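# Next one to model:
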Amino acid sequence: MDVQRGEAMTTPTYVQHKVATPFGSLAVRDFPGGRDPFVLLHGFPDDSAIYDKLVPELQPRRVVTFDYVGYGQSERVHGAGVLEGQRLKETAAVIDQLNLEKVVIVGHDAGGPVAIEYAAAHPDRVARLVLLNCYFGESPTLRFPEMIRLLGDPHLVPLADALMQDPAQRKWLLEHTARQFGYAPTDDIREMSIIPQFFGSAAQPDSLEAIRAWTGRLFRDVALTNEVIASGKLATLPCPVDVVFGTNDPYLNTGVAQHLAGLFPNAQRHSIEARHWVQWDEPKALAGVLMRAG
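Presented below is the predicted three-dimensional model:
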């Protein structure tokens, strides 16, 4: 392991780990601190850099962020796809190999279902579950962004592949999606965490294969989460749950937040005036909720 100092903004000193999994190795950043550590999970189109503004606000707590296989600084494994339960196993590998006894697990976007599945599978390891603008199962107001629906629809694979292989079309889709979420094409969250996944950068290759593989599972994974809800497992989850949503997200919206809170016996809802990436738009406000809740 190597000691690193974050270069962007005010990212604190951290220890860089490489965690081995059967699916490839994970790049993990471990920010030292006390109490039950926050483990922060990212979703489909971005990587762990979405938490770069939040991490300093969580000091002096220990914080762990990582990129899933195929994203950010983690390993690219070509032709492997994404298997059922893979993201859950990658998350468990990080927690186990860092010897984290009990964690506050935080999931955003497609990382939300992974966080819920980890809490359900390992209730003794979770001090608290935090859900940020994510989904689990179907709910009346849930809307997936049009680009994500396109990438997730098994009947549209040839069209989606053709569009993603054309850099100009890929750029247009990203800019259209940004506007739908209320972000300008030049917003720094896109430059830091999203554009590199779709186009690569000097620091990393693109994540197109991983994006296609994970989004391609979207509707199968939603069906699986419906089964988890129907099983009643979430209704007996012992840990406290905080559902913290940016209220200006047109897709993963406040109706989805209400649906999520109703799945758990010990859930509280918190609203923040922010867009989809609440941890980037309003890191201080979000940290205030997280730190107050313990």
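# Could you give the backbone dihedrals for the closest residue to Ala235 other than its chain neighbours?
Setting aside the residues directly before and after it, Ala235 is nearest to Pro265 in space (CB to CB, 6 or more residues apart in numbering), at 6.1 Å. To be clear about C-beta, it is placed using only N, CA and C from the backbone, and glycine gets the same treatment. Phi and psi for Pro265, reported as degrees, to the nearest 10, are phi -80, psi -20.
# From His176, how far out is Tyr68?
Going from Tyr68 to His176 by CB to CB, to the nearest Å gives 25 Å.
# Those two: who's more crowded?
The residue with more neighbours, out of Tyr68 and His176, is Tyr68; 30 against 14, by other CB atoms under 10 Å.
# three-state assignment of the more buried one?
Secondary structure assignment for Tyr68 (DSSP: H, G, I helix; E, B strand; the rest coil): coil.
# Now the terminal residues of stretch 135-154, how far apart.
20 Å (CA to CA, to the nearest Å).
# what residues are up against the residue nearest to Ala235?
Contacts for Pro265 (CB atoms under 8 Å, 6 or more residues apart in numbering) come out as 235-237.
# Need the buried ones from those selected in PyMOL.
Applying 16 or more other CB atoms under 10 Å to the contacts of Pro265 leaves a buried subset, and the PyMOL line that selects it is:
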select buried, resi 237
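# The contacts of Pro265 into TSV, with extra columns for secondary structure?
Formatted as TSV, the contacts of Pro265 follow (three-state DSSP):
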residue	secondary structure
Ala235	helix
Thr236	helix
Leu237	coil
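# Low-confidence regions, the stretch 1-150 of the chain specifically.
1-10 (pLDDT under 70).
# That one: helices as residue ranges?
Using DSSP state H, counting those that start in this stretch, the helices of the stretch 1-150 of the chain run over 86-97, 111-121, 146-152.
# Tell me which of the ones you listed approaches Pro185 most closely.
helix 146-152 (14.0 Å; CB to CB).
# Please name every helix or strand in contact with the closest one.
Packing contacts for helix 146-152, counted by 3 or more CB pairs under 8 Å, 6 or more residues apart in numbering; DSSP states H and E, involve helix 157-165, helix 167-181, helix 208-215, helix 218-231.
# helix or strand right after the last one?
Read that as helix 218-231. On the C-terminal side of helix 218-231, the closest following helix or strand by DSSP states H and E is strand 241-246.
# Average pLDDT for that following strand, rounded please.
Mean pLDDT, computed over strand 241-246, is 98.
# got the angle between that strand and helix 167-181?
Put simply, strand 241-246 runs at 110 degrees to helix 167-181, going by axes from the mean of the first three to the mean of the last three CA atoms, to 10 degrees.
# Quick one: residues in contact with stretch 50-65.
6, 8-12, 28-35, 37-40, 42, 48, 94, 98, 100, 103, 108, 189, 192-193, 277, 279-280, 283-284, 286-287, 290-291.
# what do you get for stretch 188-201?
For stretch 188-201, contacts defined as CB under 8 Å, 6+ apart pick out 8, 42, 45-47, 49-50, 52, 71-72, 167, 170-171, 174, 178, 183, 203-204, 206-208, 211, 277, 280.
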